[in-house]
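[1] turn this into a structure:
(chains A, B, C and D)
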There are 4 protein chains.
Amino acid sequence: MSSEFGHLLKISVFGQSHGTAIGVVVDGLPAGEAVDLTELQAFLDRRKPGKNPLSTARKEADAPTFLSGLENGMTCGAPLCAVIQNGDQHSGDYAGLTDTPRPGHADYTAGIKWGGHADMRGGGHFSGRLTAPLCIAGGIAKQILARRGVFVGAHLKEVAGIPDAPFPLRPSAELFQEVAAKAFPVLDDGAGERMRAAILAAREDLDSVGGIVECAATGLPAGLGDPMFDGVENRLAEALFGIPAVKGLEFGAGFDAARLRGSENNDPFVLDHGAVAAESNRAGGILGGITTGMPLLLRAAFKPTPSIARPQRTVRLSTMEETDLEIRGRHDPCIAHRAVPVVEAVTAAVLLDLLLEGNHGTF
Amino acid sequence: MSSEFGHLLKISVFGQSHGTAIGVVVDGLPAGEAVDLTELQAFLDRRKPGKNPLSTARKEADAPTFLSGLENGMTCGAPLCAVIQNGDQHSGDYAGLTDTPRPGHADYTAGIKWGGHADMRGGGHFSGRLTAPLCIAGGIAKQILARRGVFVGAHLKEVAGIPDAPFPLRPSAELFQEVAAKAFPVLDDGAGERMRAAILAAREDLDSVGGIVECAATGLPAGLGDPMFDGVENRLAEALFGIPAVKGLEFGAGFDAARLRGSENNDPFVLDHGAVAAESNRAGGILGGITTGMPLLLRAAFKPTPSIARPQRTVRLSTMEETDLEIRGRHDPCIAHRAVPVVEAVTAAVLLDLLLEGNHGTF
Amino acid sequence: MSSEFGHLLKISVFGQSHGTAIGVVVDGLPAGEAVDLTELQAFLDRRKPGKNPLSTARKEADAPTFLSGLENGMTCGAPLCAVIQNGDQHSGDYAGLTDTPRPGHADYTAGIKWGGHADMRGGGHFSGRLTAPLCIAGGIAKQILARRGVFVGAHLKEVAGIPDAPFPLRPSAELFQEVAAKAFPVLDDGAGERMRAAILAAREDLDSVGGIVECAATGLPAGLGDPMFDGVENRLAEALFGIPAVKGLEFGAGFDAARLRGSENNDPFVLDHGAVAAESNRAGGILGGITTGMPLLLRAAFKPTPSIARPQRTVRLSTMEETDLEIRGRHDPCIAHRAVPVVEAVTAAVLLDLLLEGNHGTF
Amino acid sequence: MSSEFGHLLKISVFGQSHGTAIGVVVDGLPAGEAVDLTELQAFLDRRKPGKNPLSTARKEADAPTFLSGLENGMTCGAPLCAVIQNGDQHSGDYAGLTDTPRPGHADYTAGIKWGGHADMRGGGHFSGRLTAPLCIAGGIAKQILARRGVFVGAHLKEVAGIPDAPFPLRPSAELFQEVAAKAFPVLDDGAGERMRAAILAAREDLDSVGGIVECAATGLPAGLGDPMFDGVENRLAEALFGIPAVKGLEFGAGFDAARLRGSENNDPFVLDHGAVAAESNRAGGILGGITTGMPLLLRAAFKPTPSIARPQRTVRLSTMEETDLEIRGRHDPCIAHRAVPVVEAVTAAVLLDLLLEGNHGTF
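    Numbers count the residues shown, from 1 in each chain, chains lettered A, B, ... in the order given. The predicted structure is shown next:
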């Protein structure tokens, strides 16, 4: 399957960082769904670099062109293809990297897989740049979900060990919008200031930092997902581990659940305005792989950007000698803050796929 | 897909905890592979309950019968079906639970999905008992892998917040065997003693505890897996989140990577006996979704057993009133130690699937 | 995928002809569906051999045991597993066949694929016997469909070049039942007599004949299926070519459409009781891969049974010499008449899968 | 899955006939494969219309632009995306057709599926124009296969009931090239003359004719494909029924096999230059779903072009009244001859996918 995920809704990503263009085919979008291009562009701009010293100075306009699937501003049922032309590439910066693979990058494994034919300029197909087409697909999914009362939002839960406040038990659509509108997507702006300082300090040190993105979805009906290997967690995991740099994923209390007792971790069922709800949400809205109707809650861990300016040890493959490597080019001292909309996008796409499938448990 | 995972190797699990039988169909096993039934039974016995006060008193013989796919002790190419008859069930213990769903269990979501028709006795199809057929499939996969120099092992990394020692950088097959032979699968027996005490203390308190399983695989060639959504992490995640009670998953440094700097997290490439290797393994053997040739390393977080004897709050669905619930029956105060071979099994099955597929990057 | 088909409804077949048992796992059946076991057994009996000289003298009781998924006569949502124990096998009849592959059989290709480990007694996993579990899955699907007004029926359209009458434009459920109740499933009993004579004549000649099964489904809503590669034709084709001995498949006018002019082949749209219908049905109920609401109509061509008693030329693989082969054992002089319920079964399973998916074109 | 097929090699088609562009994403191509763009264009030109009165006067340049996956004339491992800009469209010709669906077209079913949002100008996503991107994918597959000694060729086996000569038992690569170079792709040019006359006669009558394409592949190893539902026939069928207008498919003797006796239909195994071969090839190179090593042989039936200039009866959906419809625009009086390279392309793509997968029966 490679660069594709989804069941009834298939999202297929293509392109290399320094190739002609990057893009996405979205197959299975329902017809008759308006796509607000201004809102979509605003969503794409949230992951755009070049806005401030927290990210790479590289400019990416990230303005999609639609080749199919969209007529008069509405989906028409046919597969949607959107393309972003590449530009502002300094491919020269990457010369020779395939022979001296960068630690923490896919240079080495791509070389094993594809030999010398791999186009690894700027990370090639493994580049974080490929998250732009993911955001096109997910941004459209978010609009479709919102019309049905399903809202997806995220914030930067942690950077360099500095925690943001957690989402409340039932985050509102307004809260999601508020965070999305911020230049730095945190709930607690004080924490955000400390995170920014940590990112800039890493940059000063020719280094980088990682972070954790927390994502929630509200308004989901109970009953989505199937048992065991086709549960909501499995399907989100399959997709979210496709975002470059994700090395961990947890739902609800996640790894902390392993440190709780059953009496602490179980969410008591209660009545809320006459409907079944849970008093807490350590399950993250999922029991047995199936949605409970409580908010979905997940966290994805992003490793620090592997591209750092400090010299690093590697092996020169042509001569099989150890050597030192200095990576030039313009890099993000942190990608976690730019990853916030990407996690939203991928989550939204998976949730729309699940909603299209419905609860086929009874018929 | 539901109760199935895999691409060329498909593992399809069936059965309910208190139904006639549970079992598995494994489609795509290569032909001519000997299955050592004694070794397989020993592997299954590692997850068997009823051996000591750390797990439920329920006896499960877990002796598989092979209906197909195995002739004269060898796989024959056709799909393999193995069945375990159920027995020693106290289904009466579960009467009425579908009306008052147990917190932390799938009772509520299964009822949403399947209505009153769901067979939730003993957890039904959502029961941890379904991990026995997974161990049949994975136990066979382990034998096939071992013949090719690929070894999979696991230990209990943490229980109730008490950590075991981590796996060394390059764990040996002997170390895997040594841990597997222990009654309590830890590297540091002192830590194991403290974990056991914590489990028994939880049991005394009519409560339960969770834990973390760490799993490694050695001997994998570099180049397995595909970019983005078909990477080794995606495929392991899709399968591992199918094990009941898993709420988090991380590879290599995982969530800790989010707290490191790039200079700390990147694994320098070095030469090891003339071959490319990495000096550390915070990548967990995977870069860009593709194996590096270093050991695969992952950790899965298990929530505490939701079945606890303490009274818990829930809702009586027939009358829509809040009520207190006391769960009877025999339950595990911790399932993480019994989950160790299950994580090995699922990991082995996914790795065999990937190996069957090979590195089709060049042709 | 091998021995499995389906999307939301997965049917996974296992077993070898002379192994311990054959069976099927059906994953994704909606919960709360009554299974009438008497009706199911009657359906299975339609493909049972040993009833008359038209088929093999081999007795197959084909009485399924349900290991999971069925509680109190109802589906419970969990995967259903049904098993048929094997018996009355004369495996000795097949000794040595793997070295001298039977023409027209899978002996040779199974040997290439699985080496000497293939269990080819009685055809192994490639045997027509594997259609019994398919009929369990499809027989249950038929019952579920019928409760929703979707009826699937079939007849023997041709044997040895002798044609039956075609289905009428709108076959009724009663007609389907009438044909199903016949010992020889044709519309025109006179044609049926001639077919039977041709089968017996072939048997006399130590030979066999082929035939064509025509299958129809009524009551399907318009709008099922997706364009291009996920159309109703594609999905039926993927499944129906899995029935042993099928070598051709056509929908509506099929190959004859290639001999018609557009003005003859196009079905004019008309109003029928105020609803859109078609005056003819050369499209077989499918346009652009999507159901029109007219009856689905397809025909599957079955080659003559490859097992014939006449001496045939083959190669002895151990010595790489040409040799003559005489196949012993009890064989069907024709399998097309026994295949009629099998085509119904597979068609019903695919249609139920499509109905579970619904028309997700708009949302 | 919709507009996509394939396992390790995924071909995803997008675009509408009169939209901005049409194209294809090919995911899973091995890296380091040269793509001869001149040869590819020559292949695409074989399906191009506008060359003579046998096809529509519409001009389609069909010159692909590559957005990704191709660097310095070689595949680089990343998904390949190729785009063809649309042009020379007379969309006005189609105004109002969604209200009065054309008989034999997908207008009606697309309207059911996608409502008024369907873009059905020129057939939209259901148009035969979408076979151009299929030919890009398949043309590249053909080049990769040829370098490994696997050759795929096709000819027009029948038009309007007029038969061409069949392929010989072992067609050569030279024969494939010879037919491909002809303006009208038949083996027997006399038959070709009669077919052309029949097409022109139909055109004179404001009508259209259908035809049958026969396709063969040589050089395939034995052992490709899996039993039952993942056989070579199933996978080809799943893909080939995605070509617009295909209503029937058969392998080897196909429907004629149903009229033969076993002694006539079985292919005796013989020795050919010391290797196992078959004396005849009524199996079409496939037994039990697995390749035998003999040439693959299949035939696909194409219905007559549904767009004809004669008045036809339909229903005006806005008023639910029967009405007469005259289709304007430029149409093909026959599409079967233009479909010859399309059948080659889809067959080649499926075969490359199978070859990438290899024979994983033993390991």
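[2] so A:Ala301 sits against A:Ile243, correct?
    No. The pair A:Ala301 / A:Ile243 is not scored as a contact, 10.9 Å apart, by Cβ atoms under 8 Å. Every residue, glycine included, has its C-beta placed from N, CA and C.
[3] of these two, which one has the most company?
    A:Ala301 (28 against 23; other Cβ atoms under 10 Å in any protein chain shown).
[4] quick one: pLDDT of that one?
    pLDDT recorded at A:Ala301 is 98.
[5] leaving out sequence neighbours, find the closest residue to A:Asn52.
    Distances taken as Cβ to Cβ, 6 or more residues apart in numbering or on different chains place A:Ala183 nearest to A:Asn52, at 7.3 Å, with adjacent residues excluded.
[6] equivalent analysis for A:Gly274, please.
    B:Met320 (7.0 Å).
[7] got a list of what that neighbour touches?
    Residues in contact with B:Met320 (Cβ atoms under 8 Å, 6 or more residues apart in numbering or on different chains) are A:Leu271, A:Gly274, A:Val276.
[8] just the buried subset of the residues you listed, please.
    Among the contacts of B:Met320, those scoring as buried are A:Val276 (criterion: 16 or more other Cβ atoms under 10 Å in any protein chain shown).
[9] what distance do you get for the residue nearest to A:Gly274 to D:His331?
    Relative to D:His331, B:Met320 is positioned 63 Å away (Cβ to Cβ, to the nearest Å).
[10] picking up where we left off before, just the ones of the contacts of B:Met320 in strands?
    When DSSP state E is applied, the contacts of B:Met320 are split such that A:Leu271, A:Val276 fall in strands.
[11] now the contacts of B:Met320 in TSV, with distance to D:Ala339 and pLDDT?
    Putting these into TSV (distance: Cβ to Cβ, whole Å; pLDDT from 0 to 100) gives the following:
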residue	distance to D:Ala339	pLDDT
A:Leu271	63	97
A:Gly274	61	93
A:Val276	57	96
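[12] would you turn the contacts of B:Met320 into a markdown table with distance to D:Lys142?
    Shown next, in a markdown table, are the contacts of B:Met320 (distance: Cβ to Cβ, whole Å):
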| residue | distance to D:Lys142 |
| --- | --- |
| A:Leu271 | 65 |
| A:Gly274 | 64 |
| A:Val276 | 58 |
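[13] state the mean pLDDT of stretch A:307-327.
    When pLDDT is averaged along stretch A:307-327, the result is 95.
[14] what do you get for stretch A:114-127?
    Taken as a whole, stretch A:114-127 has a mean pLDDT of 93.
[15] cool, stretch A:258-270 as well?
    Regarding stretch A:258-270, the rounded mean pLDDT is 98.
[16] what about A:Thr292, distance to D:Phe184?
    Applying Cβ to Cβ to A:Thr292 and D:Phe184 gives a distance of 64 Å.
[17] these two: which has the busier surroundings?
    A:Thr292 (28 against 19).
[18] that one against A:Arg282, yeah?
    No. Using Cβ under 8 Å, A:Thr292 makes no contact with A:Arg282, being 11.4 Å away.
[19] near chain D, anything from stretch A:226-236?
    No. Stretch A:226-236 does not reach chain D (Cβ under 8 Å from any Cβ of the partner chain); its nearest approach is 15.8 Å.
[20] put the alpha carbons of that stretch into PDB.
    Backbone C-alpha positions of stretch A:226-236 (Å, rounded to 0.1, in the frame of the first residue of the first chain) are rendered in PDB as follows:
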ATOM      1  CA  ASP A 226     -14.700  -3.000  14.600                       C
ATOM      2  CA  PRO A 227     -13.200  -5.400  17.100                       C
ATOM      3  CA  MET A 228      -9.500  -6.500  17.300                       C
ATOM      4  CA  PHE A 229      -7.600  -5.400  14.200                       C
ATOM      5  CA  ASP A 230     -10.000  -3.000  12.600                       C
ATOM      6  CA  GLY A 231     -10.700  -0.900  15.700                       C
ATOM      7  CA  VAL A 232     -10.500   2.900  15.700                       C
ATOM      8  CA  GLU A 233      -7.100   2.700  17.400                       C
ATOM      9  CA  ASN A 234      -5.700   0.400  14.800                       C
ATOM     10  CA  ARG A 235      -6.900   2.500  11.900                       C
ATOM     11  CA  LEU A 236      -5.700   5.700  13.400                       C
END
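[21] residues contacting that stretch, please?
    Residues contacting stretch A:226-236 (Cβ under 8 Å, 6+ apart): A:7, A:224-225, A:249, A:251, A:286, A:288-291, A:296, A:298, A:346-347, A:350, A:353-354, B:1-5, B:13, B:106, B:110, B:125-126, B:130, B:237-239, B:241-242, B:246-247, C:28, C:78.
[22] kindly report the residues of the stretch 51-200 of chain A close to chain D.
    Residues of the stretch 51-200 of chain A lying close to chain D by Cβ under 8 Å from any Cβ are A:65-69, A:71, A:74-81, A:83, A:110, A:113-119, A:124-125.
[23] any of the residues you listed buried? List them.
    Neighbour counting over those (16+ other Cβ under 10 Å) leaves A:66-69, A:71, A:74-81, A:83, A:110, A:113-115, A:117-119, A:124-125 as the buried ones.
[24] which ones among those residues map onto strands?
    Counted as lying in strands by DSSP E, out of those, are A:Phe66, A:Leu67, A:Ser68, A:Glu71, A:Met74, A:Thr75, A:Leu80, A:Cys81, A:Val83.
[25] how about the fourth one: what's its closest non-neighbour residue?
    When you say that, I think you mean A:Glu71. Closest to A:Glu71 by Cβ to Cβ, 6+ apart is D:Asp119, at 4.7 Å.
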